[in-house]
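Trainee: Predicted structure and sequence below. I'll ask about it afterward.
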Amino acid sequence: MWLIAGHYEAVEVDKKMKLKKPTWAGCCKMMGNPKKFQDFLGEFPKLVDAGKVTKLNVKFAKKYLKETPEIFDPVWMGTKNTAAAGVADFVANIVLYWSVIQEVEPKRKLVADSERKLSVANAKLEKV
């Protein structure tokens, strides 16, 4: 729930976009329309790519991943419920993906800036 707070209307947030009710009832509401929820999760990486998933969203998800790793183990969770196993695996992997994007994005910007500077330098060189 923390991970998608502020991005999925069935997850209630306060004015600061913090999760209001991290409860089982809140989870049931979040997954009330399974097809809509699954479609949203399928599109969620695009929000990560666009930089719309905040550190706050990921902070609490990371906390739960660290404190209760067995819950996010798809094999263990699969013995309880296969749908829950899929969601648990998604959370673990999207947190990892978000972390990689945080490392890679500044490097992408640096490459783009370097390519722009190189293009300018090459244009000046051609004039010489």
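Mentor: Great, that's in hand.

Trainee: Isn't Val13 up against His7?
Mentor: No. Using C-beta atoms under 8 Å, Val13 makes no contact with His7, being 9.3 Å away. C-beta here means a position set from N, CA and C on the backbone, and glycine is covered the same way.

Trainee: Need the residues that contact the one helix or strand Val58 maps to.
Mentor: Using DSSP states H and E, Val58 maps to helix 55-67. By C-beta atoms under 8 Å, 6 or more residues apart in numbering, the residues outside helix 55-67 that reach it are 2-7, 17-19, 71-72, 91-92, 95, 98-99.

Trainee: try stretch 88-96
Mentor: Residues contacting stretch 88-96 (C-beta under 8 Å, 6+ apart): 3, 41, 44-45, 48, 58, 61-62, 65, 71-74, 77.

Trainee: for that stretch, the distance to its chain's centre please.
Mentor: Relative to the centre of its chain, stretch 88-96 is centred 8 Å away, using C-alpha atoms, centre = their mean, to the nearest Å.

Trainee: so for that stretch, what's the average pLDDT?
Mentor: On average, the pLDDT along stretch 88-96 is 93.

Trainee: burial measure for Phe90, as a count.
Mentor: Phe90 has 19 neighbours, counted by other C-beta atoms under 10 Å.

Trainee: now the helix or strand harbouring it against helix 55-67, angle please.
Mentor: Using DSSP H and E, Phe90 maps to helix 82-127. Relative orientation of helix 82-127 versus helix 55-67 (axes from the mean of the first three to the mean of the last three C-alpha atoms, to 10 degrees): 130 degrees.

Trainee: mind checking how far helix 82-127 is from the chain centre?
Mentor: Between the centre of helix 82-127 and the centre of its chain there are 14 Å (C-alpha atoms, centre = their mean).

Trainee: And Ala83, how far from Leu118?
Mentor: 50 Å (C-beta to C-beta, to the nearest Å).

Trainee: try Thr54
Mentor: Relative to Leu118, Thr54 is positioned 33 Å away (C-beta to C-beta).

Trainee: One more: Lys15?
Mentor: Noted for Lys15: a distance of 46 Å to Leu118, by C-beta to C-beta.
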